[in-house]
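# Next one to model:
(one chain, ligands or ions: 1)
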Amino acid sequence: MPHKVSLSRLKLTDFRNYAALSLALDGRHVVLTGQNGAGKTNLMEAVSFLSPGRGLRRAAYGDVPRAGASGGFSVFATVDGMAGEVDIGTGTEGGDEGQSRRLRINGTPARTVDELLDHLRVLWLTPAMDGLFTGPSADRRRFLDRLVLSLDPEHGRRAADFEKAMRGRNRLLSEPRPDPAWLSALESQMAALGIAMAHARHELVGLLSGLVEAARDDGPFPSATLRLSGFLDAEWQRPAYEIEETYLALLREGRHRDAAAGRTLDGPHRADLLIRHREKDMEAERCSTGEQKALLVGLVLAHAGLVAGMTGHAPVLLLDEIAAHLDESRRAALFDRVDGLGGQAFMTGTDRAMFAALGERAQFLTVADGSIAP
Ligand SMILES: Nc1ncnc2c1ncn2[C@@H]1O[C@H](COP(=O)(O)OP(=O)(O)OP(=O)(O)O)[C@@H](O)[C@H]1O
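Numbers count the residues shown, from 1 in each chain. From the prediction side, this is the model:
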């Protein structure tokens with residue numbers, strides 16, 4: 001069984017509709033129930049700030065401080081983490097709600113938010129992700145990259161550096177006489193980073209497919225087949241240095257075309273994650289709403305299992321309104337699978353009775369108007 005990473009304390013200050021909250025948790029799953037607008041998702045969002053990035057709403061930090069508060073926001077958590085117990089504090093101060101937030105680990109300022117990945121992995125599934133299969137490919141790439149990042153902490157940096165080099169190339173190509181040496185340097189960077197990024201994605205898809213296959217007959221959730229497409233599709237059996245050469249040549253040959261288009265037309269930023277409902281042998285986007293939700297739940301749980309297996313530490317799971325559309329037996333099966341992952345899950349809903357099958361496995365909390373009661 002993987003080690004259970006869990007939060008034992010969560011303190012929020014001026015975080016969305018919470019003026020001040022201090023919550024003691026006992027290590028079990030946490031069920032948050034309450035009326036619409038009570039603050040359930042806000043609390044999940046606060047926990048999602050214990051991972052790199054802008055959290056489960058992809059928030060602008062300026063929107064997070066409580067309306068009417070004079071400064072920034074803060075989230076503080078005590079976590080039984082991957083490297084032992086740790087205090088994590090994050091937030092903004094008044095006037096610095098720009099691109100970044102501050103992070104302290106055991107009271108010491110961290111160099112980057114990626115340091116969070118030394119202590120815990122937080123994964124989530126929210127209703128906003130319901131359109132994943134039918135929405136733009138950028139949403140699926142972001143989803144995929146978050147999956148990769150939780151196994152490979154370097155992935156975020158590589159993706160950011162690739163974007164930067166690509167923006168530099170696009171800018172240069174818009175000039176009347178771009179410096180060829182500078183262009184070549186940027187393209188070499190793009191090739192190395194882009195192939196490394198794509199490799200990490202392929203590896204994740206391979207591992208996840210294996211796990212989905214293994215869990216195929218386990219419970220009521222359909223299984224998905226996953227495939228990456230849209231970037232050097234026929235090449236991935238070849239050695240990495242050869243693929244890198246191929247991509248570099250593509251970039252070089254594509255300069256005129258890309259200059260005319262005003263953007264780079266080949267690269268990992270054009271890839272898509274293709275998902276099929278295996279039992280029905282149908283593209284996920286053509287499945288019913290309920291089938292899509294079940295596919296997504298199955299994928300996220302398989303990924304959580306992968307993270308637990310690869311790191312030896314079960315991730316913290318945030319499952320927002322996950323039980324709403326499931327019948328009683330599917331709900332019970334879902335809770336058993338979530339519990340079987342060995343980690344701490346936070347789950348929300350409007351009705352406590354929906355979570356009855358969790359029994360003693362969860363701590364039940366009622367959220368009302370930015371405060372919490374047992
Ligand atoms: N910066 C902010 N300051 C104060 N209140 C905010 C801020 N941002 C969001 N809110 C409010 O927080 C409230 C709670 O939102 P939240 O999404 O957590 O509700 P919920 O309990 O998950 O509800 P639902 O069941 O409808 O999903 C909303 O009324 C929203 O307007």
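
# for stretch 115-122, which positions count as buried?
Under the neighbour-count criterion of 16 or more other C-beta atoms under 10 Å, stretch 115-122 has 115, 116, 117, 119, 120, 121, 122 buried. C-beta coordinates here come from the backbone N, C-alpha and C atoms, glycine included.

# Do I have it right that the third one meets residue 52?
Spelled out, that is residue 117. Yes - with contacts counted by C-beta atoms under 8 Å, residue 117 reaches residue 52, the gap being 6.7 Å.

# Quick check: neighbours shared by these two?
residue 149 (C-beta atoms under 8 Å, 6 or more residues apart in numbering).

# wouldn't residue 147 be in contact with residue 304 here?
No - between residue 147 and residue 304 there is no contact under C-beta under 8 Å: 10.0 Å.

# can you give me the helices for the chain?
Ranges of helices within the chain are 40-48, 137-149, 155-173, 180-214, 240-253, 255-261, 289-311, 328-340, based on DSSP state H.

# Could you list every helix and strand in contact with the first one?
Using 3 or more C-beta pairs under 8 Å, 6 or more residues apart in numbering; DSSP states H and E as the contact test, the elements touching helix 40-48 are strand 6-15, strand 18-24, strand 29-33, strand 74-81, strand 122-125, strand 316-319, strand 345-349.

# Which strands and helices lie in contact with the last one?
For strand 345-349, the contact count by 3+ C-beta pairs under 8 Å, 6+ apart identifies strand 29-33, helix 40-48, strand 316-319, helix 328-340 as packing neighbours.

# other SSEs contacting the first one?
On a contact count with 3+ C-beta pairs under 8 Å, 6+ apart, strand 29-33 meets helix 40-48, strand 345-349, strand 362-368.

# how about those in a markdown table, adding distance to the ligand, mean pLDDT and mean neighbour count?
Below are these laid out as a markdown table (distance: least, C-beta to the nearest ligand atom, whole Å; pLDDT from 0 to 100; neighbours: other C-beta atoms under 10 Å):
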| stretch | distance to the ligand | mean pLDDT | mean neighbour count |
| --- | --- | --- | --- |
| helix 40-48 | 3 | 98 | 25 |
| strand 345-349 | 6 | 97 | 25 |
| strand 362-368 | 6 | 97 | 18 |
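
# what pLDDT does residue 307 get?
According to the prediction, residue 307 has pLDDT 95.

# go on, residue 99?
At residue 99, pLDDT is 69.

# Equivalent analysis for residue 279, please.
Predicted confidence (pLDDT) for residue 279: 89.

# Which residue is the nearest non-sequential neighbour of it?
residue 222 (5.4 Å; C-beta to C-beta, 6 or more residues apart in numbering).

# from memory that neighbour sits against residue 291, does it?
Yes - taking C-beta under 8 Å as the definition, residue 222 is a contact partner of residue 291 at 6.5 Å.

# Quick check: residues of the stretch 51-200 of the chain near the ligand?
63, 64, 65, 66, 67 (C-beta under 6 Å from any ligand atom).

# Turn these into a markdown table, including distance to residue 191, pLDDT and neighbour count.
Rendered in a markdown table, the data for these read as follows (distance: C-beta to C-beta, whole Å; pLDDT from 0 to 100; neighbours: other C-beta atoms under 10 Å):
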| residue | distance to residue 191 | pLDDT | neighbour count |
| --- | --- | --- | --- |
| 63 | 38 | 94 | 11 |
| 64 | 38 | 96 | 25 |
| 65 | 42 | 95 | 22 |
| 66 | 46 | 96 | 20 |
| 67 | 47 | 95 | 8 |
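
# Just give me the closest of these to residue 19.
residue 66 (6.0 Å; C-beta to C-beta).

# Would you list the phi and psi of that closest one?
Backbone torsions of residue 66, given as degrees, to the nearest 10, read phi -60, psi 130.

# try the one 3 residues further on
Main-chain torsions, residue 69, degrees, to the nearest 10: phi -80, psi 150.

# Among the residues of the stretch 51-200 of the chain next to the ligand, find me the one that's closest to residue 274.
Distances from residue 274 to those, taken by C-beta to C-beta, are shortest for residue 63, at 33.3 Å.
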